Each structure stands twice: as C-alpha cells, then as structure tokens.
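Student: build me a structure from this.
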Amino acid sequence: GYSRMRDVSVMINHYNSVFASLAVLISLVPAVYSKVNASREHVIIWVVPHTHDDTGWLKTVDEYYVEEVHWILETVTQALLENPERRFTYVEMAYFYRWWNEIDDDMKSKVLHIIQNGQLQLNLAGWCMNDEADTHYAGVINQMTEGALFAMQQLKNRSTVGWHIDPFGHTSVTASLWADIGFNAFSISRINFHDLNQRKSDQKLEFVWRGSKSLGRSRDMWTHILDSHYCSPPECAYDDKLFLQDDPSLPSYKPNILDQAQGFVDMARERNEWYRHNNILIPFGCDFAHQNAEKSFVQMDELMAYVNSKSDDFDVTVRYGTLDDYARAINSLNLTWDVYEGDFLPYVSTSRAYWTGFYTSRPQLKGYVRSSSAFLQVAETLFSLGSQVFHLSERTLFDKIDLLRKAVGVSQHHDAITGTERSYVVTDYIQMMNGGRTAAGAVITDILPKFIGGEKAPPHLSLSVGDLLAKAKPGDKIAAVVYNSLGWSRQSYVSISVSRHDLSVVDSHGKLVPSDILTIPSGHESGFDTTLYFLAQLPPLGYRVYYIEVGHKHVTQTTKAVKWRVGGPAMNNFRGLENAFYKVNFSSSTGRMTSVFNKQTNKTLVIDQNLAQYVSATHGQASGAYIFRPARDNHTVIFRPRNSRITSQKLKFYEEFSEQPVVIMTANANSGLFSMSAGMVQGKEVFMAAV
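Tutor: Numbering: from 1, shown residues only. Reported below is the predicted structural model:
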C-alpha cells in the first residue's frame, strides 16, 4: 500500500483563515522519524462528542428523523447551552434542515450562538455523508453544495473540516474535492486492516493526502485516520450502556469512577502510542447517539473532572473538542508529514471480508440515481441560462429544482446508492427522486419553450413524447426537442418508446433523418416493446428540434424481432445479426453467441459465452450487499436454453454511428452475469454490460 508514498516530507504552515486550505511546503530532505512518545509523556485527550446519522438505512429518512434524530438535536442543544465547555459535532444537513424549520426564532437564536462560539461544529456539512466508490463527482458536488448553501445562508457558518467515518473505503478524488472546497483537515476511518495495523506500528496514521498528481500541491489535504472506530470506546461509552457511579452511600452499587478513570486513561495512552505527538482524538458517540444528551454529557463531565483533578498522577489532560480543535493543536506542533498519493479501496475489514459487494448491489437504484442526476443537470443549466435571458420567477422555479437536488443529494449517502439499505428504504429513495423529477420537469417544460418560440409565444412542451404520438392522427407533426446539457458538441442516438409504426423523422429544415423502429420481446408473456431510434446532432449547451411525422409517405422502415425457440427447427434458419460493420453468429442448439465477424478487417472473433452466477462461501463471512466473497468453486452455469423466462439477452447494433458501442449485451437472470472469452478485433473492443 506504500508503493505510491513519496519519499518527501511536508510542513504544515500556520493554520490559515477558514476560507483557505492548509498550505504545504515541500522539503527536499527525506523525513526520518523516531517515535516521540515516551511511556509517561503528558497526553492531551480530545474527547469529540458526535453522532453519525445515516440518511436512510434500516429506516427511511423520515422514520429516522421522527424517531431518533429530532431528539438528538433537541437534547444536545440543551446540553450545550447548559455548559459552555461542552462541544458537539454534527454532519448531515438533510436532518438539521428539517429541525431548523421546526424550531422557533428564540431557539434559532440560541443555536446560532452555540455555532458561533464553537460549541456546535458543522463538520463536513453536506446534505449527507456520501459514498466514495459508487458516486459520480457531480452527485458529490451537488450534495455538498446543497448542505453548504443551507449552512451558510441559515446557520451563518462555513465548514472548515470534514470527516468520512463510515463510507466503505476512500478515494483520492474526495481528498482533491475537499481541498478544492477549502477544508483545512479531513478524517477517515475504514481502510484495509493490514494497512491500518502497519500505519499504527509506523506512527503514520496522519499524513498529507495528495488528491491529484496533475494538480499537485493545490490538492493536498492533511488527513487523520481514526485508529479504531468512530464509536465511543467501551471505557467511556456513556452514550450507550455504560454508567458512572461515584456515590459511596449506595450499598448495592459500588463506586466505579476510579476504575473507569484508570481504564479510560490506559486506553487513551495506548492509542496515543500510534501517533507522533502527545495528542489523541477519542470519538464520543456512534450511530444516532446522544438521544438523551444530558445523560451522556453529565457522566462524561464527571469522568473528565475526576481525571483532570488527578492530572499529575495520570499524566493526562482531558478536554472536549472537535476535529477543528484537534487539527489546530497538531498544526501548532510544526511537524513534517509524508505525502500519500493513492486510494484506500477496496476496504478490507478482515482477511475474509473484502467490501466489494456494494459496488453492484441494487443496480436499478444506482442507475436511477445517475439518470436523476443527469435530469437535474438539464434542469439546472436551463434555469441558469433562462434566468439570464428571460424575466423569470426565480424563487419559484428554484424551489422546484431544489426538490430534485435534495432527493439526488440524499441518495449519495453511503447506505443509499451503495444498495446496502432495506428494500422499503430503496422505494422511499425512488419516490423522493420521482417527486423531484416531476417538479424539475415542470421547470424544463416552462423554460425550454421560451427558447424555441420566444417568451411571447412559447409552444406547449411535454416530457411524454410517446403519449403525444399515441394520440396523434395521420398528418400530425410532433416536435421532439433534444437538449444537450454538456459543454461540448455531441451526437447521440435518441430512443423514444412508441406504440405505432407509421412514423418518420425530419430535422428543422424538413430533411429526412435516418431512423428505425424496432420491436423486441418485452420479457412478458407474448409482449413486445416498440422503440423509435434516430441520431441527433447537438450543439454545446443547446438543443435541436426534430419533427416526428405521423402517417408520412416516408415511413421509417420497421424491424420486428422474432422469437426463436432455441433448439427448435426454426433456429436452424437463423443466420445471425449483422449491420454494415459486424455479423454476430449464434449456436442453433443453445442460442448463445459463438463469434463476431468484422467485415472491415475480414477477421472473426470466436466467443465462448455462458451465463453464470457466483456461489457464496458457506464458511465464515458470506457474500451479501456489502461483501463479495465467492466460494472457491465460485460459479454455477445457469443458462437454460429451453426456458427463456430464466435468461435473456439483447443486442443492439448502430448502423451509422460507429463511435457508439458496437455490441451492447445485457442479461436478465437470478444473480446472473456474463462469462465470456473474447479478444480484440483490430483494436476495437467488444463492449459488454452485465446486470
């Protein structure tokens, strides 16, 4: 894991203002470290109270808020107001936003006070704590923007530090983004246990993480790895089931404060040995912790007071703090740090637990999150452009788009897009995105027509072109507006679900556009799906209008798929699928693909295709939503050619636009995937997708 560690050192400059990230100076002298912790060196213990509030997992976002998060925010606020020495860290603005809108002005004033005096730190302050493996950077930026806007506009606060204490592995992209945002420090938790143990031994749990090789020092982020876990150690789990007793007058409950204090100090000193200084950060919290904050804070207050009263004996000082407080303290030491370039993926928690299962868990949800993010991009760019050109009611339109921003934002959560939540929680995420897409779609249909027909006579626009075509009469012409939200020109195939075949496509000049209508089996008993395809040429951040004519004399040639019974006599007459570039051949006995012939190079690629599923290990850790752990004899062929309900495959050919994937293959099977042996055809890859 250290092959990408550079033999250089860096020095953290003085802690800059909250609007600048930490600067680093490259030293030409290799760092030579010695363990600086002496056995009895005075240790500063930073107790960091916090809660980790998943925005959906075993419960929906609404259920978590009503049943747990509301009480955390209520009781923590009161606890902080009662004692100015107390601190608390909060992350998920999706919850804080709801609570903020419920409390009265007097309580809001008190909340602003404890934020401004540093008692309540908004750590990260994204809409959620996003996953790092399955998310797209656009989705991450969206959810961080949504949270930051709320924090800055309503809470008058800008976060300067962040931590990712629960995502299942970490990427350098996150470090790069956080440096660009302006964070001063970052903390992570879940890394390969071999790497973690080695870093403990070498005292390298803190370093400067270079998020981008090409951007260099501008993407450097000072990083702290939690040495154990983000939950409270057993020695001070007062937010859970541990109780402190210091009253000797209770005969059936002996005082335990001395034992707990000694255990707490021993734990902190042992963990401090893994760092190069005399400071140690101890998390005080866990998932949905401090629902009765007074109970947990009062006991921690007593433990800290007792230890500090005997500070000389214990050789420690305990204080409440935040990640920001801790980072400032470490920065003041002017130590030098290794520069690390690379990722912390995949996450490995034990020798038999590689957390790679969530890379593909619930693929339908992953796809819907990505398509919703793309839909949001269209709505936002049109809103931005339209606001500059037309006099729009910006607040109303923005609020509609914001519904989708919030829904897409919460879906970036590390128990959402990862597919590790319960099934009914998935349904809740999809319903939130559906509602957001409906609202954002109304913005699109309001603004885009103004660009087409002018502000005075905008045409009616519907997102359901297929429904309009179904109701159209011969001679009708339906305008299809294709919008490109990207900043560069592109050509792309457009597909529209239709229910008729008497259609043709022309451009805005009346020129016939090559198109095709394809009818294929839907997977349902004797059912078919019909789709219209045509190639659109699109300008950057612009649109093209194409007209779909009904009953026109230049009716598009249609193609209807034929259902072949594999192994039946009709299959012997099937000659394969082909276009101007390729011909794909199939076995008449199994229906499986056997070869691809490249007409341009006159070469054949032989393929051995099987549908199979992995078999989970039966001893120890099994495969699941989080972990992928197949048995040694790790797959079973499930291709059943005489039962098309079990497996199916679809191939799409594009005749005119060879830059598109030449062959796209999908399979529908019970935990199925493609197992194929294939090579290269003159440098052209055969693109395959497994579901």
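Student: what ranges does the stretch 251-400 of the chain have for its helices?
Tutor: Ranges of helices in the stretch 251-400 of the chain, per DSSP state H, counting those that start in this stretch, are 257-272, 293-309, 311-314, 323-331, 363-389, 394-410.
Student: buried sites along the second one?
Tutor: In terms of neighbour count (16 or more other C-beta atoms under 10 Å), helix 293-309 has its buried residues at Ala293, Ser296, Phe297, Gln299, Met300, Asp301, Glu302, Leu303, Met304, Tyr306, Val307. Heads up, the C-betas are built off the backbone N, CA and C, glycines and all.
Student: what pLDDT is listed against the fourth one?
Tutor: Put plainly, it is Gln299. Per-residue confidence at Gln299 stands at 97 (pLDDT).
Student: I figured it hits Gln245, correct?
Tutor: No. Between Gln299 and Gln245 there is no contact, the gap being 9.4 Å when judged by C-beta atoms under 8 Å.
Student: picking that back up, for Ser332, state which of the buried residues of helix 293-309 is nearest.
Tutor: Nearest to Ser332 among those: Met304, at 22.0 Å, using C-beta to C-beta.
Student: hmm, back to that, okay, the buried residues of helix 293-309 in JSON lines with distance to Lys241 next?
Tutor: Output for the buried residues of helix 293-309, formatted as JSON lines (distance: C-beta to C-beta, whole Å):
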{"residue": "Ala293", "distance to Lys241": "16"}
{"residue": "Ser296", "distance to Lys241": "11"}
{"residue": "Phe297", "distance to Lys241": "16"}
{"residue": "Gln299", "distance to Lys241": "12"}
{"residue": "Met300", "distance to Lys241": "14"}
{"residue": "Asp301", "distance to Lys241": "18"}
{"residue": "Glu302", "distance to Lys241": "17"}
{"residue": "Leu303", "distance to Lys241": "15"}
{"residue": "Met304", "distance to Lys241": "20"}
{"residue": "Tyr306", "distance to Lys241": "20"}
{"residue": "Val307", "distance to Lys241": "21"}
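Student: so where is the stretch 551-691 of the chain shaky, pLDDT-wise?
Tutor: Judged by pLDDT under 70, the stretch 551-691 of the chain has its weakly predicted residues at 552-575, 634-691.
Student: go again using 50 as the cut-off
Tutor: Applying pLDDT under 50 to the stretch 551-691 of the chain flags residues 641-646, 655-691.
Student: partners of Asp287 in the sheet?
Tutor: Here Asp287 sits in beta bridges with His52, going by DSSP bridges.
Student: tell me what the biggest helix by length in the chain is packed against?
Tutor: Secondary structure of the chain per DSSP state H: the longest helix is helix 423-453. When contacts are defined as 3 or more C-beta pairs under 8 Å, 6 or more residues apart in numbering; DSSP states H and E, helix 423-453 packs onto helix 61-64, helix 363-389, helix 394-410, strand 477-484, strand 542-550.
Student: next helix or strand past the shortest one?
Tutor: Toward the C-terminal end, the helix or strand that comes next after helix 61-64 (DSSP states H and E) is helix 70-82.
Student: quick one: contacts of that following helix?
Tutor: With C-beta atoms under 8 Å, 6 or more residues apart in numbering as the test, helix 70-82 has contacts from 51, 53, 86-88, 90, 95-96, 99, 102, 107, 110-111, 114, 119-120, 288-294, 297.
Student: looking at the residues you listed, which are in strands?
Tutor: Residues of the contacts of helix 70-82 located in strands (DSSP state E): Phe88, Tyr90, Leu120.
Student: wait, which of the residues you listed is closest to Ser349?
Tutor: Lowest distance from Ser349 to the ones in strands among the contacts of helix 70-82 (C-beta to C-beta) belongs to Tyr90, with 26.4 Å.
Student: residues near the closest one, how many?
Tutor: Applying other C-beta atoms under 10 Å, we find 23 residues neighbouring Tyr90.
Student: from Ser361, how far out is it?
Tutor: As judged by C-beta to C-beta, to the nearest Å, Tyr90 and Ser361 stand 28 Å apart.
Student: with Tyr65 instead?
Tutor: To Ser361, Tyr65 is 25 Å away according to C-beta to C-beta.
Student: ok, now Pro514?
Tutor: 40 Å.
Student: quick check, central residue of this structure?
Tutor: Thr135 (3.3 Å; C-alpha atoms, centre = their mean).
Student: what is the burial count for Gln431?
Tutor: 12.
Student: pull the longest strand from the chain.
Tutor: strand 528-538.
Student: between Pro514 and Ser361, which one's more packed in?
Tutor: Using other C-beta under 10 Å, the more surrounded residue of Pro514 and Ser361 is Ser361, with 18 against 13.
Student: and that one, how far is that from Thr427?
Tutor: Distance of Ser361 to Thr427, computed by C-beta to C-beta: 15 Å.
Student: thinking again about what came up before, show me what counts as buried in the longest strand of the chain.
Tutor: Across strand 528-538, burial judged by 16+ other C-beta under 10 Å covers Thr530, Leu532, Tyr533, Phe534, Leu535, Ala536, Leu538.
Student: including distance to Pro233, could those go into TSV?
Tutor: Shown next, in TSV, are these (distance: C-beta to C-beta, whole Å):
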residue	distance to Pro233
Thr530	62
Leu532	62
Tyr533	60
Phe534	63
Leu535	61
Ala536	59
Leu538	57
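Student: picking that back up, can you redo the ones in strands among the contacts of helix 70-82 as JSON lines with distance to Ser176 and pLDDT?
Tutor: What follows is those, written out as JSON lines (distance: C-beta to C-beta, whole Å; pLDDT from 0 to 100):
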{"residue": "Phe88", "distance to Ser176": "29", "pLDDT": "98"}
{"residue": "Tyr90", "distance to Ser176": "25", "pLDDT": "98"}
{"residue": "Leu120", "distance to Ser176": "28", "pLDDT": "98"}
